[in-house]
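**Q** following is a predicted model, sequence given first.
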Protein chains: 2
Amino acid sequence: MARPTGRPIRNELLDAARLLIQTRGINGFSYGSLAASAGIKAPSIHHHFPHKDQLVAEIAAQYRDEFTDLVRTIDATSAVDRIIDYSRLYAETARVGRSCLCGAIAAEWSSVGEPVRDVVDAFFAEQVEWLRNCVVDGQRRGEIRVEGVDPATFARALFAHLQGALLLARSDDSFGGVTSTTRELVGHITGGD
Amino acid sequence: MARPTGRPIRNELLDAARLLIQTRGINGFSYGSLAASAGIKAPSIHHHFPHKDQLVAEIAAQYRDEFTDLVRTIDATSAVDRIIDYSRLYAETARVGRSCLCGAIAAEWSSVGEPVRDVVDAFFAEQVEWLRNCVVDGQRRGEIRVEGVDPATFARALFAHLQGALLLARSDDSFGGVTSTTRELVGHITGGD
DNA sequence: GTCTATACCAGGATAGAC
DNA sequence: GTCTATCCTGGTATAGAC
């Protein structure tokens, strides 16, 4: 593949490697395959990223930052709408045939080192916490029932559901309906007590 | 590792390989690692399973059969109780530090051949269908609301949630609470219309 | 910053002795 | 049915020329 000019090759490599991990998994991508996508020879990659695990750690950190920025753009007033908008981020990921980068890493947990694991752990915790805050806010606003709804547990269930949906979308295209299943789950906790 | 006598080495290999896949992933296990767990040399495995993909296909088929048998033992009268009991199968899997075999394969979809994919596809479809039947039955029995609950969508959401929970359990032990999140989701669709 | 050449190891697979 | 020896391939990594 030809290499577009004007853009640091380092960023090019980070993006190409991320795509490979999100489509083939941690062990399914190699310096060889990355070299092929980036239009460079495999040993040249070592000049930018001496060790594979450093490359993966940097990709994970960048993914976490960029996803956080994406989530920050969600500005609906309604808490329920914010949750639906959040699910759209996953629907879009599934639509373009990618998995969640951190989900992919979690699936091959034993293949990564501590630095990578720490980033993924933090990412998961942040996402669940963001969802929990949505639920709490929805309860405060009267959109979501207070009785019978535990914000922390429901947030974990929602997040697990999104991760699972992305996992299943790999084998079943029809699972792209992440937003519809999210609506199904959230629809049942709305309304007054 | 020493090899217990009296049991066909073939079954021994199938079990050891399944454990390896469920803990290290498809690409994380090799004939070498399997040989080490089974107390045999790597080339000897080829006598029982000439090609790795055949071995994986057989493991997947066996897993599907055994899981189906397990699900068949769920005999609670209440549909909600059956769903909770079903979630316990996943909770137990997480507890012993394993992932769902088919979930692990889905995560490394590009690393397996068509025969394996067909088995995993069938497994997922069967499980979602089983859950859907539970929801429909619950509605018929008056346990689960009819209005606003789409059995197919809710079943897919439930199943995705279970798969996601198992995925997340790999990085976060506290995610073992698969049953509590299942209760949280199912609790909101119960009661009359 | 990228290349060629190369070292080294691991994985899957086969041949043939025992 | 299991072993040793061996082949081939691919993956990570380094050295050193350009």
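**A** Okay, I see it. Numbers count the residues shown, from 1 in each chain, chains lettered A, B, ... in the order given.
**Q** how about the strands in chain A?
**A** When assigned using DSSP state E, chain A turns out to have no strands.
**Q** excluding its backbone neighbours, what's nearest the residue nearest the centre of chain A?
**A** Note on chain A: the residue nearest the mean C-alpha position is A:C100, at 3.7 Å, using CA atoms, centre = their mean. Nearest in space to A:C100, with sequence neighbours left out and distances taken as CB to CB, 6 or more residues apart in numbering or on different chains, is A:L166 at 5.2 Å. Backbone N, C-alpha and C define where each C-beta goes, glycine included.
**Q** doesn't A:R95 make contact with the one you found?
**A** No - A:L166 sits out of contact with A:R95 when judged by CB atoms under 8 Å, with a separation of 10.8 Å.
**Q** more neighbours, the two?
**A** A:L166 (28 against 13; other CB atoms under 10 Å in any protein chain shown).
**Q** for the residue nearest to A:C100, give its distance to B:F124.
**A** Using CB to CB, to the nearest Å, A:L166 is found at 14 Å from B:F124.
**Q** what residues does chain A put near DNA strand D?
**A** Within chain A, the positions adjacent to DNA strand D are A:30-33, A:42-43, A:46, A:50-53 by CB under 7 Å from any atom of the strand.
**Q** in stretch A:111-127, which residues are buried?
**A** Buried residues in stretch A:111-127, counting neighbours by 16 or more other CB atoms under 10 Å in any protein chain shown, are found at A:111-112, A:116-117, A:119-120, A:123-124, A:127.
**Q** restrict these to those near chain B?
**A** Restricting the buried residues of stretch A:111-127 to those touching chain B (CB under 8 Å from any CB of the partner chain) yields A:111, A:117, A:120, A:124.
**Q** average pLDDT for stretch A:161-173?
**A** Averaged across stretch A:161-173, the pLDDT comes to 94.
**Q** give me the buried positions along it.
**A** Within stretch A:161-173, the residues scored as buried using 16+ other CB under 10 Å are A:161-172.
**Q** do stretch A:73-93 as well
**A** Of the residues in stretch A:73-93, A:74, A:78-87, A:89-91, A:93 count as buried by neighbour count, 16+ other CB under 10 Å.
**Q** identify the farthest-apart pair in those residues.
**A** With CB to CB as the measure, no two of these lie farther apart than A:S78 and A:T93, at 23.1 Å.
**Q** what helices or strands is the longest helix seen in chain A leaning on?
**A** Using DSSP state H to define each element, chain A has its longest helix at helix A:114-141. Of the remaining helices and strands, those touching helix A:114-141 by 3 or more CB pairs under 8 Å, 6 or more residues apart in numbering or on different chains; DSSP states H and E are helix A:52-72, helix A:79-95, helix A:101-107, helix A:151-169.
**Q** chain A against DNA strand C: which residues are in contact?
**A** When proximity is defined as CB under 7 Å from any atom of the strand, chain A approaches DNA strand C at A:9-10, A:40-41, A:43-44, A:47-48.
**Q** recalculate using a threshold of 6 Å.
**A** In this structure, chain A approaches DNA strand C at residues A:9, A:40-41, A:43-44, A:47, judged by CB under 6 Å from any atom of the strand.
**Q** narrow these to those in helices?
**A** Here DSSP H is the test, and these give A:9, A:43-44, A:47 as lying in helices.
**Q** quick one: the residue lying closest to A:T68 once chain neighbours are set aside from B:R7, how far?
**A** Nearest residue to A:T68, sequence neighbours excluded (CB to CB, 6+ apart): A:E126, at 7.1 Å. Spatial separation of A:E126 from B:R7 under the definition CB to CB is 47 Å.
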